[in-house]
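Asker: Provide a 3D model corresponding to the input given below.
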Amino acid sequence: MIISPCISICKTDPKTGYCYGCGRTIEERKTWKLIETTDEWKKENIIEIKKRLTGWQLDSFQESYTYKLKNGISLYKKKLKNE
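Answerer: Residues are numbered from 1 along each chain as shown. So this is what the prediction gives:
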């Protein structure tokens, strides 16, 4: 199973159409939820979204996604839970 790249910062950049948190389009977010979406497509999508993100945005995504993979929760949700 491939874990969703959502890091709980769900706001879409009106200029690019990409989510500020994970770099996906609205269509890609919908595709992730479909039963028929393959793990191969998901792996390729993660590679593609990492190419879209740069600088602090890429650093933030990678840190939070890595944490989510290890702990089952994004850093953002962890912070909300601890408040």
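Asker: please enumerate the helices of this protein.
Answerer: Taking DSSP state H, the helices of the chain run over residues 26-33, 39-52, 55-71, 75-82.
Asker: against which helices or strands is the longest one packed?
Answerer: Think helix 55-71. Contacts defined by 3 or more CB pairs under 8 Å, 6 or more residues apart in numbering; DSSP states H and E place helix 55-71 against helix 39-52, helix 75-82. Just so you know, the C-beta spots here come from the backbone N, C-alpha and C atoms, and that holds for glycine as well.
Asker: redo that, cut-off 6 Å
Answerer: Packing contacts for helix 55-71, counted by 3 or more CB pairs under 6 Å, 6 or more residues apart in numbering; DSSP states H and E, involve no helix or strand.
Asker: kindly provide the distance from the residue nearest to L75 when sequence neighbours are not counted to K50.
Answerer: Of all residues beyond its chain neighbours, the one nearest L75 is S64 (4.4 Å), with distances taken as CB to CB, 6 or more residues apart in numbering. As judged by CB to CB, to the nearest Å, S64 and K50 stand 13 Å apart.
Asker: repeat for S60
Answerer: Distance, S60 to K50, by CB to CB: 12 Å.
Asker: same deal with T12?
Answerer: Per CB to CB, T12 is found 18 Å from K50.
Asker: who's in contact with L58?
Answerer: Applying CB atoms under 6 Å, 6 or more residues apart in numbering to L58 gives no contacts.
Asker: repeat that with 10 Å
Answerer: Contact analysis of L58 by CB atoms under 10 Å, 6 or more residues apart in numbering lists 23, 49-52.
Asker: shouldn't E48 be in contact with T31?
Answerer: No. Under the criterion of CB atoms under 10 Å, E48 is not in contact with T31, lying 11.9 Å apart.
Asker: mind listing the shared neighbours of the two?
Answerer: Here E48 and T31 have R24 as joint contacts, going by CB under 10 Å, 6+ apart.
Asker: between these two, which one's more packed in?
Answerer: Using other CB atoms under 10 Å as the criterion, E48 and T31 rank with T31 on top: 15 against 12.
Asker: contact partners for the spatially closest residue to that one that is not a sequence neighbour?
Answerer: For T31, ignoring the flanking residues on the chain, the nearest one in space by CB to CB, 6+ apart is T37 at 5.4 Å. Neighbouring residues of T37 by CB under 10 Å, 6+ apart: 2, 28, 30-31, 45.
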